[in-house]
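Colleague: Sequence first, predicted coordinates after that:
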Amino acid sequence: MARYTGPKSRVARKFHDPIFGVDKAFEKKNYPPGQHGNSKRRKKQSEYGIQLQEKQKAKYTYGILERQFRNIFEKANRKKGITGENLLQLIEARLDNVVFRLGIAPTRSAARQLVSHRHIIVNGSVVNVPSYQIKEGDMIGVRERSKSLEIISDSLASRANQYSWLEWDDERLVGKFVNYPVREDIPENIKEQLIVELYSK
């Protein structure tokens, strides 16, 4: 499956937000990329352009392709509740994102690779599909033979973020997806209502 493998700082500058984490290049050049990036006479964005940019930002942040993103939106739209919040909750419940949030991997792309290479188990069984939807109460852990992997041990050693919707057992290297997060608990700087407006046109 195709994934974006180009320069991440350039994408972060495009969205005026360090969406891939701490970025020295972004801090140094905090303006859009390109020949006219630092120009004060940039063309004003249309309403559609603003909505489209927000959707692109969400896709790059979570590493999701267009078809997958639309499918998640349609599923969120069918659920009861606020569509925008449902969308972020379903994205947060993807296996690759949960592995990243638990601190098993340092980035979402690293988490996707760990899942694809069969290092992650869900409820005791190996799952190698990064987009697998985690449900409330599911147990996510590291496969026994993969517990000594350097990338996992290094990531867990520097694990700092604690999320209210996740529990982690350091001894067994197993986490629990307690419940879907409420919008206030999701740290990503995404205006989901703009995405809903875009898809509702």
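Modeller: Cool, the structure landed.

Colleague: And the pLDDT at Thr61?
Modeller: Looking at Thr61, its pLDDT reads 90.

Colleague: which SSE is it in?
Modeller: helix 47-62 (DSSP states H and E).

Colleague: Show me which positions of that helix end up buried.
Modeller: Gln51, Gln53, Glu54, Lys55, Gln56, Lys57, Ala58, Lys59, Tyr60, Thr61, Tyr62 (16 or more other Cβ atoms under 10 Å). In short, each C-beta sits where N, CA and C put it, glycine included.

Colleague: Kindly indicate which of those residues lies nearest Tyr199.
Modeller: Distance to Tyr199, by Cβ to Cβ, is smallest for Lys55 among the buried residues of helix 47-62, at 7.9 Å.

Colleague: Tell me the spacing between that closest one and Arg172.
Modeller: Counting by Cβ to Cβ, to the nearest Å, the gap from Lys55 to Arg172 is 38 Å.

Colleague: re earlier: quick one: the following helix or strand past the helix holding Thr61 to helix 47-62, angle?
Modeller: Moving toward the C-terminus from helix 47-62, the next helix or strand (DSSP H and E) is helix 66-78. Orientation check (axes from the mean of the first three to the mean of the last three Cα atoms, to 10 degrees): helix 66-78 against helix 47-62 gives 100 degrees.

Colleague: packing partners for helix 66-78?
Modeller: Contact partners of helix 66-78 among helices and strands, from 3 or more Cβ pairs under 8 Å, 6 or more residues apart in numbering; DSSP states H and E: helix 47-62, helix 83-92, helix 192-199.

Colleague: Put together TSV for those, with distance to Asp185 on each row.
Modeller: Output for the helices and strands packed on helix 66-78, formatted as TSV (distance: least, Cβ to Cβ, whole Å):
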stretch	distance to Asp185
helix 47-62	16
helix 83-92	9
helix 192-199	14
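
Colleague: Looking at those, spot the one closest to Pro181.
Modeller: helix 83-92 (5.6 Å).

Colleague: quick one, strands of this protein?
Modeller: Taking DSSP state E to define them, one finds strands in the chain at 120-122, 125-126, 139-142, 166-169, 174-177.

Colleague: returning to what we had before: can you tell me which of the helices and strands packed on helix 66-78 comes nearest to Val122?
Modeller: Val122 lies closest to helix 83-92 among these, at 15.5 Å (Cβ to Cβ).

Colleague: Extract the C-alpha trace of that closest one and format it as CSV.
Modeller: Coordinates of the C-alpha atoms in helix 83-92 are reproduced here as CSV (Å, rounded to 0.1, in the frame of the first residue of the first chain):
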residue,chain,number,x,y,z
THR,A,83,-19.9,13.0,13.2
GLY,A,84,-16.6,14.9,13.7
GLU,A,85,-16.0,13.4,17.1
ASN,A,86,-17.0,9.9,15.9
LEU,A,87,-14.5,10.3,13.0
LEU,A,88,-11.6,11.1,15.4
GLN,A,89,-12.6,8.3,17.8
LEU,A,90,-12.6,5.7,15.0
ILE,A,91,-9.2,6.9,13.8
GLU,A,92,-7.8,6.8,17.3
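
Colleague: got a pLDDT number for Gly81?
Modeller: 93.

Colleague: For burial, what's the neighbour tally of it?
Modeller: Gly81: 10 surrounding residues under other Cβ atoms under 10 Å.
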